[in-house]
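Engineer: next one to model:
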Amino acid sequence: MYLATGISVIPIQPGSKKAAIKWEPFQKRRMSAEESRQHFINGCQVAMVGGTISGNLECLDFDKPDLFQPFLDTVESVNPALRGKLTAWQNTPSGGFHVLFRCSGPVGGNQKLAMSARYKDDQGKLRQDVFIETRGEGGYFLVAPSKGYALHGSPQAPPVLTPEERDLLFHGIARSFDEAGQQAPQQPARTEHGNGERPGDGLNREADWRAFLEGEGWTYVKTVGDREHWTRPGKNDGSTSATLNDQGLFVFSTSTPLPAMKPLSKFAFYTHYRFGGDFTAAARELSRQGMEAGSQAAGVEPSASQKINPVQLLEAFAVSKEYAGRLGKEEFLIPNLLIKGHILVVVAQPGGGKTAFFFRHVAPLLSEKGCKVFYLDCDSPVSDHPQMLEIAERHGFRFLNPDANVGTSIDGLKNTLQQIADGDSDLDGFVFILDTLKKFANLMQKDDVKNFFKLCRKLTARGATVVLLAHANKYRSAEGHLIPEGTGDVRNDSDDLIIFERVKNANDGIDVTTVVDPDRNAKTRGIFHPFSFHISPEREITFYKFPLALGDPGQTAALKTTDEEILEAATAALEEMGGCAQQALVNRVCDLTGAVAKRTRELIVRNSERADLLQKEGRRFWFTVGAHNRYSYSLAAVTRPPEQVPMFEESSFAKL
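Structural biologist: Alright, predicted model coming up:
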């Protein structure tokens, strides 16, 4: 019967698991019915040969019976349809279980998927038990009617799984029962000096898993044996997205920032959620804060006896050989401009060439290289859209605008990006170019900027590259450098920030040179070199062989800001920010104008009056005084002078 259904079988010696014949030939061919009558004699038992010869047949062998039902429960919770396919199985004489199936793709050799931790036997020898293993290519396993094997379902016609379902069974669910540390949970980066504790060791020791999971929106489902089942954020159907036990968190879902199919420590969970998988950055942050502060930042109550190690804290800032070795080896999608998987912010003045350069040169170039490019435009005039669409279609990238279709909006576009970031898509090769940044985030609200960059970080964690085109402030710094618009988080949260310095070309058009110098407010995490290009009046891009020299900052600096310009900047800042504290207003105006703080504060105070005065002098700003003598400012309300009406009218008296 087995031979007739395409399964290769071999005889096994009675009372053992040893082949009764030389069985290697039957890994390549199935014996004939006549051969079977010759070989299956004298009480020989029956074994199936796994692998290609039997139609990609495999067996999942449970040598620890206690794991079989929790395994099936987990499959049911993670993927009910897959559980419904597991219909062919058998009991073994030792009390274990075999699950039989075929795969629509190639199968591998025998694998040990879950094992016990090492232990010493009665003689003091180290031993290790196999919990779950496979029999596939190059292996065989006994089946009924061999003695002690009881059939369930139809082993002669086992169900067919897809490679993805097989991978989930093997490297996902079965592997999650491993106790031997074959895939040890990810540990804190770098061993420190002092007491030898790494930055995340304390986090792993002190943090509470439930607080971590619930803090990121995970939901507890149930406990099966020693394993808690949890559902990922965004699902409320009670299914299992991950299990948790002493070996760590084992994630089955690919719709979270966490890597799937491997045990994760608390430190790994913290790193993937808050640092996009950058273990060095996470370790450095914990060290910078000190373990006690780091635990509190991660939602962990520190132990009373915990002590700060100064050597450990300082060592986290050391330049490592690994870091130095990575420099110069970044994978540039475009040399000196765009590193794969990074968040790039490009800052320019209005008319500085960023849109022309990225839409007409960068997007087409990336598309030609095979990238999936999406240009998210929120800034160009409608009159440019027909020509922009023609360019995008000609070069094979997508041109998106939130106002182009009825019912769409910038908020809808942001929500769509959030869905993509929270989904399970592989974004390797995707490039998102957002024009401009201030349309996607309120650059004067620190939390809004932080949240938007968190969204961008999720996209890059899934393999995407993100480009944010941004404006510079109207006024330069006192040294003559462009200042990125918005809070300092725009610079701090980006991977690379490049400035476009433009000058008018004597023969028409503009010349643009990239600024990659941190002293000029740029920021890079790779090795960049400046370059220059020309944009013609027709917006054609041509490159110079060598970068043009940047002018002397002292010569390019704005003339001394006038009093009226400072007051206009304060008005604009209050229109953006609403009411705000005096210091915040002064800082914002200084950023916009490059003026010094003392002069700015004096001008604002001179042009302000108390908001609660009944008789006001009509100054530009109002202020209130709060607790601890803190001054808050707002724009003066626009009021109309009272209508001048005579106190008495002769006609009225006449009527009275």
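
Engineer: chain center to the strand or helix carrying Glu58: distance?
Structural biologist: Here Glu58, judged by DSSP states H and E, is contained in strand 57-62. Offset of strand 57-62 from its chain centre (C-alpha atoms, centre = their mean, to the nearest Å): 36 Å.

Engineer: for that strand, which helices and strands make contact with it?
Structural biologist: Applying 3 or more C-beta pairs under 8 Å, 6 or more residues apart in numbering; DSSP states H and E, one finds that strand 57-62 contacts strand 45-49, strand 97-103, strand 130-135. (Glycine included, C-beta is placed from N, CA and C.)

Engineer: buried stuff in the helix or strand just after that strand?
Structural biologist: Under the assignment DSSP H and E, the closest C-terminal helix or strand after strand 57-62 is helix 68-78. Residues of helix 68-78 classed as buried: Phe68, Pro70, Phe71, Leu72, Asp73, Thr74, Val75, Ser77, Val78 (neighbour count, 16 or more other C-beta atoms under 10 Å).

Engineer: same deal with stretch 218-227?
Structural biologist: By neighbour count with 16+ other C-beta under 10 Å, stretch 218-227 contains the buried residues Trp218, Val221, Val224, Arg227.

Engineer: identify the farthest-apart pair in these.
Structural biologist: Within the buried residues of stretch 218-227, two members stand farthest from each other by C-beta to C-beta: Trp218 and Val224, at 16.8 Å.

Engineer: hmm, back to that, what's next to the strand holding Glu58, contact-wise?
Structural biologist: Residues from elsewhere that reach strand 57-62, judged by C-beta atoms under 8 Å, 6 or more residues apart in numbering: 7, 48-51, 68, 71, 92, 96-103, 107, 131-136, 139, 141, 158, 166, 169-170, 174.

Engineer: hmm, try it at 7 Å
Structural biologist: 7, 48, 50-51, 68, 96-103, 107, 132-136, 141, 158, 169, 174 (C-beta atoms under 7 Å, 6 or more residues apart in numbering).

Engineer: I'd say Trp522 and Asp496 touch.
Structural biologist: One thing to correct before we go on: residue 522 is Ala, not Trp. No - if you go by C-beta atoms under 7 Å, Ala522 and Asp496 don't touch, sitting 8.3 Å apart.

Engineer: burial count for Arg135?
Structural biologist: Residues near Arg135, counting by other C-beta atoms under 10 Å, number 25.

Engineer: check Thr191 and give its pLDDT.
Structural biologist: With respect to pLDDT, Thr191 scores 39.

Engineer: distance of Gln13 from Lys354?
Structural biologist: 77 Å (C-beta to C-beta, to the nearest Å).

Engineer: go on, Gly96?
Structural biologist: In this view, Gly96 and Lys354 are 65 Å apart by C-beta to C-beta.

Engineer: helix/strand/coil for the residue nearest to Asn79 when sequence neighbours are not counted?
Structural biologist: Leaving aside its sequence neighbours, Asn79 sits nearest to Leu168 (C-beta to C-beta, 6 or more residues apart in numbering; 6.6 Å). For Leu168, the assignment made with DSSP: H, G, I helix; E, B strand; the rest coil gives helix.

Engineer: from Thr223, how far off is Leu168?
Structural biologist: 22 Å.

Engineer: could you do Leu635 as well?
Structural biologist: On the measure of C-beta to C-beta, Leu635 and Thr223 end up 58 Å apart.

Engineer: and Ile339, how many neighbours?
Structural biologist: Neighbours of Ile339 (other C-beta under 10 Å): 22.

Engineer: do Ala478 as well
Structural biologist: Other residues close to Ala478 by other C-beta under 10 Å number 17.

Engineer: do Val143 as well
Structural biologist: The tally of other residues near Val143 (other C-beta under 10 Å) stands at 23.

Engineer: please apply the same query to Lys446.
Structural biologist: Quick note: Lys446 (other C-beta under 10 Å) scores 13 neighbours.

Engineer: go on, the one 5 residues further on?
Structural biologist: A count of nearby residues for Asn451, using other C-beta under 10 Å, gives 13.

Engineer: quick check, distance from stretch 77-92 to the centre of its chain.
Structural biologist: That offset, for stretch 77-92, works out to 33 Å (C-alpha atoms, centre = their mean).

Engineer: list the buried ones in that stretch?
Structural biologist: For stretch 77-92, by 16+ other C-beta under 10 Å, it's Ser77, Val78, Asn79, Leu82, Lys85, Leu86, Thr87, Ala88, Trp89, Gln90, Asn91, Thr92.

Engineer: swap in stretch 45-64?
Structural biologist: 45-51, 53-64.

Engineer: now stretch 7-21
Structural biologist: Buried positions in stretch 7-21, judged by neighbour count with 16+ other C-beta under 10 Å: Ile7, Ser8, Val9, Ile10, Pro11, Ile12, Ala19, Ala20, Ile21.

Engineer: for the stretch 51-200 of the chain, give me the ranges with low pLDDT.
Structural biologist: For the stretch 51-200 of the chain, applying pLDDT under 70 flags the ranges 181-198.

Engineer: next one: phi and psi at the most centrally placed residue in the chain?
Structural biologist: Nearest to the geometric centre of the chain sits Lys458, at 2.6 Å (C-alpha atoms, centre = their mean). Phi and psi for Lys458, reported as degrees, to the nearest 10, are phi -60, psi -40.

Engineer: for it, give me its contacts.
Structural biologist: Contacts of Lys458 (C-beta under 7 Å, 6+ apart): Pro257, Ala421.

Engineer: need the buried residues of stretch 7-21 in a markdown table (columns: secondary structure, pLDDT and distance to His481).
Structural biologist: Supplementary listing: the buried residues of stretch 7-21 in a markdown table, determined by DSSP: H, G, I helix; E, B strand; the rest coil; pLDDT from 0 to 100; distance: C-beta to C-beta, whole Å:
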| residue | secondary structure | pLDDT | distance to His481 |
| --- | --- | --- | --- |
| Ile7 | coil | 93 | 75 |
| Ser8 | coil | 95 | 75 |
| Val9 | strand | 95 | 79 |
| Ile10 | strand | 96 | 78 |
| Pro11 | strand | 96 | 84 |
| Ile12 | strand | 95 | 81 |
| Ala19 | strand | 93 | 79 |
| Ala20 | coil | 93 | 84 |
| Ile21 | coil | 92 | 83 |
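
Engineer: how about those residues, which pair is most distant?
Structural biologist: Ile7 and Ala20 (17.6 Å).

Engineer: give me the distance from whichever helix or strand Ile499 is part of to the chain's centre.
Structural biologist: Using DSSP H and E, Ile499 sits within strand 496-504. Averaged C-alpha coordinates place strand 496-504 at 28 Å from its chain's average position (C-alpha atoms, centre = their mean).

Engineer: which residues does that strand contact?
Structural biologist: Outside strand 496-504, the residues that touch it by C-beta under 7 Å, 6+ apart are 339, 342, 344-349, 352-354, 482, 484, 491, 510-516, 520-526, 550.

Engineer: list only buried entries from those residues.
Structural biologist: For the contacts of strand 496-504, buried by 16+ other C-beta under 10 Å: 339, 342, 344-349, 352-354, 482, 484, 491, 510-516, 520-524, 526, 550.
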